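Chemist: I'll drop the sequence and a predicted model, then ask my questions.
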Number of protein chains: 2
Amino acid sequence: MAMVTLTGMNIIGGSLAGEGTIIFHAENPANGKKLEPAFHEASEKEIWMAIEKAASAFQEYRNMSGRQKGDFLEAIAEEIMALGDELIARCTEETGLPEARLKGERGRTVGQLKLFASYVRDGSWVDARIDHADPARTPPKADIRSMQKALGPVGIFGASNFPLAFSVAGGDTTSALAAGCTVVFKAHPAHPGTCEMVGTAIARAASRSGMPEGTFSMVHGKSTVVGLAIVRHPLIKAIGFTGSYRGGKALFDIANSRPVPIPVYAEMGSTNPVFILPEAMRERKQAIAKDLAASVTLGVGQFCTNPGLVFYQPDEEKNFVDSFSRSLEETSPGVMLTSYIQEAYQAGVEKLSKAKGVNTVLKGKAPSQGSYAPAYLFQSTAEAFLNDHLLEEEVFGPSTLAVTVDHKAQLMRIARQLGGHLTATIHATDKDLQEYADLIAVLEQKVGRLIINGYPTGVEVTHAMVHGGPYPATTDGRSTSVGTDAIKRFSRPLCYQNFPQFLLPDELKDENPLKVWRMVNGKWEKQG
Amino acid sequence: MAMVTLTGMNIIGGSLAGEGTIIFHAENPANGKKLEPAFHEASEKEIWMAIEKAASAFQEYRNMSGRQKGDFLEAIAEEIMALGDELIARCTEETGLPEARLKGERGRTVGQLKLFASYVRDGSWVDARIDHADPARTPPKADIRSMQKALGPVGIFGASNFPLAFSVAGGDTTSALAAGCTVVFKAHPAHPGTCEMVGTAIARAASRSGMPEGTFSMVHGKSTVVGLAIVRHPLIKAIGFTGSYRGGKALFDIANSRPVPIPVYAEMGSTNPVFILPEAMRERKQAIAKDLAASVTLGVGQFCTNPGLVFYQPDEEKNFVDSFSRSLEETSPGVMLTSYIQEAYQAGVEKLSKAKGVNTVLKGKAPSQGSYAPAYLFQSTAEAFLNDHLLEEEVFGPSTLAVTVDHKAQLMRIARQLGGHLTATIHATDKDLQEYADLIAVLEQKVGRLIINGYPTGVEVTHAMVHGGPYPATTDGRSTSVGTDAIKRFSRPLCYQNFPQFLLPDELKDENPLKVWRMVNGKWEKQG
């Protein structure tokens, strides 16, 4: 295996740059040790250079065929796999995530690239529409055609919690490149070495696929200055972000206050409420407690979809919480991604433990060395929950709040009061579901994804997935950041009136050379 | 013909209300005369009542079938036609628009309602997606399905320039109702009687179609207070608006500063640049001058799509502007919609006439009584245009600025410097188009619709239409406000994981009872 030597530099199109005087290091969260090399925070000049190259590359890249973009995405997948175990090793050092999890995440990342490759090769995603002319009409009707076209150069921010699948070559970058946008990526300072390796893989793939220089750039930065420079730059046309509410909301506000506002797709987390309905509780209490505990602690509770709220009507034995607590206690404590995430987790559970009407049922065990996170289980009542909106807030980590509910009307009141979340889950028998149809109707208006008798963690990368939801789960509840429909975030419709055939994009030519699905005079068809 | 007696009241679901103490009258712009009756500006309590009824009705209306919504939209069309010539007569009094134009606009409005009726009856617009479970996979893959669902109660603002097609039962209301949203409509104070008649027609259609009370309400208001109360209300989930940049931007900023921001679809106007390329200029100068003059003055220049900028390289005879001026002079002056629009027009042309490097070529003739608007033609140079971004701003009315360009490089510089517009038009021969392919590539990034050898006025209501464009033409360049794709502004994707068949919406049930197009495991199909 060839050793990768990390440079600590920014990737500006095809070149490396490290002019900036601010440097920082990654840290191993398992032992607090500083990792080499030093990374250079991008200078303003380097950020601008990256954006200008992205804007210049966009003029060519936007018109790449689905086949060319598909080949490029496949090449990225290959280059990532070619990094081999060194990628996994560095990523483990930087994130504390176990090797098996990271190998799984790499598989997801590569699979995602391949799914988008096939999606753009197929090409039907552009929603091609053709309405033929009618010169005999009074007044004559013109020939009108439209399709989705890429927005422009976009800025993407890496997330810390999925250092591969939601980072450099993650869903945002992949869907933006698939749409035909060029990308300036802001590397996450918690895993800069992982970012460099994957960023280099993308640069290599771009070069060998003949993509214009500047199609992809990556800049480092530990301070907020780097991200702000990207969001404020007039050539940037959209932002993708996964992270905290505070971070996402700040980007959203800045983007809206620009002379020319741009869309921000910020996925800002969620508490993912779970409702256990009465008959399911009686029939499957133990199994739910066990599987729910696994979902709460999955990835050390650092998924956007870990369930942080459980609502239930206690059954006669009133021992669900005991089972849940035991199951949580049996899970192994994990290392959190960074020491500051662990500190925020400690602050969050402390705040919750002191909230009015909240009891601490379990504080799990965890080593005191390194950024380990013990599981926490809190309990409260519907009344307390309805009176304190802070109880709905996400505590990022393996903590959950079980809320007892007295009766259905109270459960409905809670559901109606909920803010926006990524998901809601219902455990129910068919009889429960029939009795609680109105609960489902309310939850449909609160989330992006509803799950029955399952768990919200484990977000499939597929066509029908929606990983999004009403504010404050995201800044744009009309979109998804996972699954093929994520591509639509980075495009807009463009209409061609009375164009001669030779000037039309292939998707809109009469003979339909790409054989894409099109709406022709109101009917969907695939023929030429 | 039955006489309609206007009440001057607000329509709050199925009731009339006029508690407010502020009243105002419409005015005939042709003679400045006050029209009866007095209209009651909605009180805050009435606005809240309308919104609360809309929120309550939404719980039922959101799940109406495409067939039910289609019948409702058709019923609105019928009720509007049933208003007969009285609608046209009142509308002419309030707007100064001629009868023939208003009958045409009524046809467009009714046709639009019917098009959306057929679109939602077909039902395929919901983008239904199904990915089947794979229990054998490790880990097991869940069943994932998704489709578009309505956003909630929305606020729609009527435009003054199309008192039927972009007002009470216009494209925004129609597409919102089609999507499954309930509507609180802010009537335009320039044509409140027209609004009352059409609003009553919708209320009647809602009642006879069995729609829940509150599906549609309409509130009057001359001050900005009424609109702000709508945008700020927490139950309102999106805003549709057509009007000035100032108005649209204000709503956008307020909507983004809410505790829960909501999308604003504001169509804020555009100068619609026209490019006349050299060979077309030589071959068709007279015809272009004549047709362009008609497009500039269409609707007294009060369309969002009137061309306000013309770029051309003077041919040898250098007489294009003379022909253009003569053609403009031959058009009949019209009455503007309101006295304040006429005053704004006068201020706009005055400002333009004093701008550096701008000459007034034509000031058309117009009666001095009433709000008549003379056509104006200004001329300037590329150099002056490139140095003064105010020359790109819309002057709402029959005014246009012809800009001479020395050579192609200068034309390209102008194109690259342009902000967002609804449309751009190119007059060209095939040879011109081949030589100016790079111009088209630039303009693709500036507008929502590109027209070749046509005119931007006359926006077809059809499937492929895009009436939108990058900021500042609109606040959301990813959308269209005309054509069937406008429906997507008022919906978002919702995902159902592991749902039993009986709980799924019909669009997502295995047997596909509605026979909608769906993406099943990545393939589009219509079978069950």
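Modeler: Great, that's in hand.
Chemist: run through chain A and note the low-pLDDT ranges.
Modeler: Residues of chain A meeting the criterion pLDDT under 70: A:1-3, A:528.
Chemist: tell me how far the biggest helix by length in it lies from the chain's centre.
Modeler: Among the elements of type helix in chain A, defined by DSSP state H, the one spanning the most residues is helix A:99-122. Helix A:99-122 has its C-alpha centroid displaced from the chain centroid by 14 Å (C-alpha atoms, centre = their mean, to the nearest Å).
Chemist: so what does the very next helix or strand once past that helix touch, helix or strand wise?
Modeler: Using DSSP states H and E, the next helix or strand after helix A:99-122 towards the C-terminus is strand A:128-131. Contacting strand A:128-131 under the criterion 3 or more C-beta pairs under 8 Å, 6 or more residues apart in numbering or on different chains; DSSP states H and E are the following elements: strand A:144-150, strand A:518-520. Using the backbone N, CA and C atoms, a C-beta is placed for each residue, glycine as well.
Chemist: tell me which helix or strand residue A:317 sits in.
Modeler: Applying DSSP H and E, one finds residue A:317 in no helix or strand.
Chemist: any idea what the residue of the stretch 1-150 of chain A found nearest chain B is bridged to?
Modeler: Nearest to chain B in the stretch 1-150 of chain A, going by C-beta to the nearest C-beta, is residue A:129, at a distance of 3.7 Å. For residue A:129, the residues forming beta bridges with it (DSSP bridges) are residue A:146, residue A:519.
Chemist: wait, it sits on residue A:146?
Modeler: Yes - counting by C-beta atoms under 8 Å, a contact exists between residue A:129 and residue A:146, whose distance comes to 5.0 Å.
Chemist: show me what from the stretch 51-200 of chain A comes close to chain B.
Modeler: Proximity of the stretch 51-200 of chain A to chain B is assessed by C-beta under 8 Å from any C-beta of the partner chain, with A:59, A:63, A:118, A:124, A:127, A:129-131, A:139, A:141-142, A:144-146, A:149, A:151-152 identified as the residues in range.
Chemist: do the same with the stretch 201-350 of chain A
Modeler: Where the stretch 201-350 of chain A comes near chain B, counting by C-beta under 8 Å from any C-beta, the residues are A:252, A:253, A:256, A:260, A:261, A:263.
Chemist: hey, where'd the strands end up in the stretch 151-300 of chain A?
Modeler: A:154-157, A:183-186, A:216-219, A:239-242, A:264-267, A:273-276 (DSSP state E, counting those that start in this stretch).
Chemist: out of the ones you listed, flag the one nearest residue A:496.
Modeler: Closest approach to residue A:496 among the strands of the stretch 151-300 of chain A (C-beta to C-beta): strand A:154-157, 23.7 Å.
Chemist: so what are the sheet partners of the closest one and their directions?
Modeler: Sheet pairing of strand A:154-157 (DSSP bridges) gives strand A:183-186 (parallel), strand A:239-242 (parallel).
Chemist: packed most tightly, which of the ones you listed would that be?
Modeler: Ranked by mean neighbour count under mean count of other C-beta atoms under 10 Å in any protein chain shown, the strands paired with strand A:154-157 are led by strand A:239-242, which reaches a mean of 29.
Chemist: let's have the strands paired with strand A:154-157 in TSV, adding distance to residue A:72.
Modeler: Supplementary listing: those in TSV, determined by distance: least, C-beta to C-beta, whole Å:
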stretch	distance to residue A:72
strand A:183-186	12
strand A:239-242	18
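Chemist: could you check how far residue A:108 is from residue A:176?
Modeler: To residue A:176, residue A:108 is 18 Å away according to C-beta to C-beta, to the nearest Å.
Chemist: just list what the longest helix of chain A packs against, helices and strands only.
Modeler: Based on contacts counted as 3+ C-beta pairs under 8 Å, 6+ apart, the elements that helix A:99-122 packs against are helix A:66-82, helix A:85-95, helix A:171-179.
Chemist: looking at those, which is buried most?
Modeler: If you average neighbours per stretch using mean count of other C-beta under 10 Å, then among the helices and strands packed on helix A:99-122 it is helix A:171-179 that wins, with a mean of 29.
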